[in-house]
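1. Prediction below, plus the sequence it came from.
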Amino acid sequence: MDMTTAPAMADGAPGLRGESARQSLLRLLTWLSPSFPTGGFSYSHGLEYAVEEGLVAEWRSLAGWVSALVEHGAGRTDAVLFCTIHNAVATDDAGAFDRAAEIAAVMRGTRELALESTAQGAAFLTTLRAAWPDPAREAWADRIAASGREATHAVAVALAAAAAGIALAPALAAFLHAFAANIVSAGVRLVPLGQTDGQRALAALEPVVLRCAAAAPLIPLDDIGGRAPLADWTSLRHETQYTRLFRS
């Protein structure tokens with residue numbers, strides 16, 4: 001088998017080949033790296049209060065907390081929106097794009113979680129404009145700006161990936177992994193945990209991320225929603241937490 005040839009994607013889309021596959025991989029690694037300047041390091045998604053209350057105290061409880069977020073909370077919601085936005089850009093469906101972007105703008109339970117999502121979305125697009133200018137991507141971003149809304153992080157990454165010709169399956173898996181990894185990184189600092197325990201948590205989350213990435217393309221936008229109320233509660237309590245290291 002030619003190792004420069006990617007297999008067909010699970011959703012039936014043809015795999016990228018040779019140089020295109022390598023470039024797509026590099027883009028995903030760069031765009032979703034902790035070093036990419038979205039400010040993700042400053043958000044904990046309510047985890048800071050969960051740690052203070054003793055709900056997360058070691059790597060197993062951290063992995064369980066993040067697992068719930070990925071499969072039942074913001075991870076699931078963002079994954080469905082990611083698929084809708086990616087497909088809309090790929091098929092030039094402006095109506096579906098506008099509806100998904102509108103829903104994404106209001107699908108957060110607290111002010112802090114809304115800031116976490118939109119601030120990272122804005123920073124992501126700002127950096128892309130400077131380093132990877134793309135008129136096609138900007139046309140979609142302009143639609144969101146014209147509506148008076150802000151692009152969430154999931155929307156920004158999905159439209160960028162689709163505009164760059166990066167297939168949905170790897171783009172979504174990479175986005176969900178980055179979401180999980182960012183919260184695990186916050187947990188390593190907050191509990192605190194050793195770096196090895198952080199990696200144990202990430203290893204335990206691999207099947208969770210893959211399940212969510214496989215399920216999301218099959219979920220209609222009308223069925224969007226989550227069931228992780230404790231995460232919203234910890235985020236609400238975090239807004240008035242006396243000592244805080246994170247913005248959410």
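-> Perfect, I can see it now.
2. buried ones in the worst-scoring helix or strand of the chain on mean pLDDT?
-> The helix or strand of the chain with the lowest confidence, counting by mean pLDDT, DSSP states H and E, is helix 18-31 at a mean of 89. Residues 21, 24, 27, 28, 31 are the ones in helix 18-31 that count as buried (16 or more other C-beta atoms under 10 Å). In short, each C-beta sits where N, CA and C put it, glycine included.
3. ok, so of those residues, who is nearest residue 201?
-> residue 28 (21.5 Å; C-beta to C-beta).
4. what ranges do the helices span in this structure?
-> Remark: helices assigned in the chain by DSSP state H are 18-31, 47-52, 59-72, 74-91, 94-106, 111-131, 135-146, 153-163, 168-190, 195-215, 229-238.
5. now the chain, which segments are flagged as low pLDDT?
-> 1-18 (pLDDT under 70).
6. please redo it, this time with the cut-off set to 50
-> The model of the chain has pLDDT under 50 over residues 1-16.
7. circling back to that earlier point, if you count contacts, what does the least confident helix or strand of the chain end up packed against?
-> Applying 3 or more C-beta pairs under 8 Å, 6 or more residues apart in numbering; DSSP states H and E, we find helix 18-31 packed against helix 153-163, helix 168-190.
8. could those go into CSV alongside distance to residue 242?
-> As requested, the helices and strands packed on helix 18-31 are arranged in CSV below (distance: least, C-beta to C-beta, whole Å):
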stretch, distance to residue 242
helix 153-163, 28
helix 168-190, 15
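9. quick revisit: most tightly packed of the helices of the chain?
-> A comparison of those by mean neighbour count, using mean count of other C-beta atoms under 10 Å, puts helix 153-163 on top with a mean of 28.
10. tilt between it and helix 94-106?
-> 150 degrees (axes from the mean of the first three to the mean of the last three C-alpha atoms, to 10 degrees).
11. For helix 153-163, what is the distance to the chain centroid?
-> 10 Å (C-alpha atoms, centre = their mean, to the nearest Å).
12. Kindly report the same for stretch 21-30.
-> With C-alpha atoms, centre = their mean, you get 17 Å for stretch 21-30.
13. and if you look at stretch 201-210?
-> On C-alpha atoms, centre = their mean, the centre of stretch 201-210 falls 15 Å from that of its chain.
14. contact partners of it?
-> Residues outside stretch 201-210 that contact it (C-beta atoms under 8 Å, 6 or more residues apart in numbering): 59-60, 62-63, 66-67, 70-71, 173, 176-177, 180-181, 184, 187, 193.
15. now do stretch 186-197
-> With C-beta under 8 Å, 6+ apart as the criterion, stretch 186-197 contacts 41, 43-45, 47-48, 51, 56-59, 62, 65-66, 198, 201, 245-246.
16. now residue 125, nearest residue through space, not along the chain?
-> Among residues not flanking residue 125 along the chain, residue 156 sits closest, at 5.1 Å (C-beta to C-beta, 6 or more residues apart in numbering).
17. Identify the residues contacting the one you found.
-> Residue 156 neighbours (C-beta under 8 Å, 6+ apart): 120, 121, 122, 124, 125, 141.
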